[in-house]
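In: got a sequence here, can you build the structure:
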Amino acid sequence: MTPTTATAPEVAPFRLFELIVLRTRRLGPSILRITLGGPGADGFSGGGRDQSLSVLLPRPGQQEAVVPAGGGGAWHEKWRALPEDERAVPRSYAVRAQRLRADGSTEVDLDFVLHDAGGPGCRWALAAAPGDRLTVLGPAAADNSAVRFRPPADTDWVLIRADETALPAAAAALEWLPAGLPARVWLEVPCTEDRQALNTAAKARISWLVRNEGAACGVETVRAAELPGGTPYAWIAGEASGVRALRHHLVHERGFDRERVMSAAYWRRGLPEEQLRRAEAEGGSGSGSGTTMTVK
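Out: Residues are numbered from 1 along each chain as shown. Predicted coordinates:
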């Protein structure tokens, strides 16, 4: 009898997860953390760093989001085939943290930025309470295409710039950096109380740029900064115009290799996510330009 070796089934990098709100915690005037879990979190496998997922929100008047079954590459086409006034409203968020608890259950932290005139994600987060359900299209394989923070092996130092919408991804990336690696970090937040204690083993110099304290924006601050020598890797994310300006500065004025500058437009003033995605697709993302997502 000839022995055979069974081939393990291929794991789709993304699929639907039915999560339950476990608890909520205000981190500052502008940021609300929601911890999700429950049996539906089994198999969730984030890649850390700037791992993102899509939350699928119900439309006004709906008790639950209307979503197609499954996931993977064909999911978006199935979602688009649903009536536009019925299908779930998708919004993208970075995974702040994933934890495996002693009982084997999984917890996932998402940080929501709060606005006076917030969009669907903000409104859902403000109303969220333990026991509420949330459908997400999330990672089922740790090494997936939604993780874009990938410094090459020959990186001598890392530059990180993020506004409050990209703060969860920046914080997770700092936790991932190897011990002793130099990092220059600029983090923009609206209020003094929005600053957070961040954990990293890297040799990180972190500057908080607080808007209600009159701080200059990240682009101006980085332009004026003296940066380390050696081979850099840059990760910049947040509002589209600032991301674009800083990328231009690093590549065209500082001489950074464009392939080593990861830039991501998380949102654009006055433009909802659907239009932002279309605008980026029509304009072409370009090498190293990264993903687009919004937390509004």
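
In: buried residues in stretch 26-36?
Out: L27, G28, S30, I31, L32, R33, I34, T35, L36 (16 or more other C-beta atoms under 10 Å). All C-beta atoms are positioned from the backbone trio N, CA, C, and that covers glycine.

In: need the strands for the chain, in chain order.
Out: Here the chain has its strands, by DSSP state E, at 14-28, 31-37, 52-57, 89-100, 106-113, 133-139, 157-162, 182-189, 203-210, 232-239, 261-267.

In: make a markdown table from those and add distance to P168 to it.
Out: What follows is the strands of the chain, written out as a markdown table (distance: least, C-beta to C-beta, whole Å):
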| stretch | distance to P168 |
| --- | --- |
| strand 14-28 | 10 |
| strand 31-37 | 9 |
| strand 52-57 | 10 |
| strand 89-100 | 4 |
| strand 106-113 | 4 |
| strand 133-139 | 14 |
| strand 157-162 | 9 |
| strand 182-189 | 11 |
| strand 203-210 | 15 |
| strand 232-239 | 10 |
| strand 261-267 | 10 |
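
In: a markdown table for those, including mean pLDDT?
Out: Shown next, in a markdown table, are the strands of the chain (pLDDT from 0 to 100):
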| stretch | mean pLDDT |
| --- | --- |
| strand 14-28 | 96 |
| strand 31-37 | 98 |
| strand 52-57 | 95 |
| strand 89-100 | 95 |
| strand 106-113 | 97 |
| strand 133-139 | 95 |
| strand 157-162 | 98 |
| strand 182-189 | 98 |
| strand 203-210 | 97 |
| strand 232-239 | 97 |
| strand 261-267 | 95 |
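
In: R247: which of those is closest?
Out: Of all the strands of the chain, it is strand 261-267 that lies closest to R247, at 4.4 Å by C-beta to C-beta.

In: give the other helices and strands that the closest one contacts.
Out: Other helices and strands packing on strand 261-267, by 3 or more C-beta pairs under 8 Å, 6 or more residues apart in numbering; DSSP states H and E, are strand 232-239, helix 240-248, helix 273-283.

In: that one vs strand 106-113, what angle?
Out: In terms of direction (axes from the mean of the first three to the mean of the last three C-alpha atoms, to 10 degrees), strand 261-267 departs from strand 106-113 by 70 degrees.

In: next one: strand 261-267 to chain centre, how far?
Out: 10 Å (C-alpha atoms, centre = their mean, to the nearest Å).

In: residues making contact with stretch 211-227?
Out: 159, 161-163, 184, 186, 188-192, 207-209, 236, 238, 242, 245-246, 249-250, 253-254 (C-beta atoms under 8 Å, 6 or more residues apart in numbering).

In: make it 10 Å
Out: Stretch 211-227 has contacts (C-beta atoms under 10 Å, 6 or more residues apart in numbering) with 29-30, 157, 159, 161-164, 184, 186-194, 205, 207-209, 234, 236, 238-239, 241-250, 253-254, 256.
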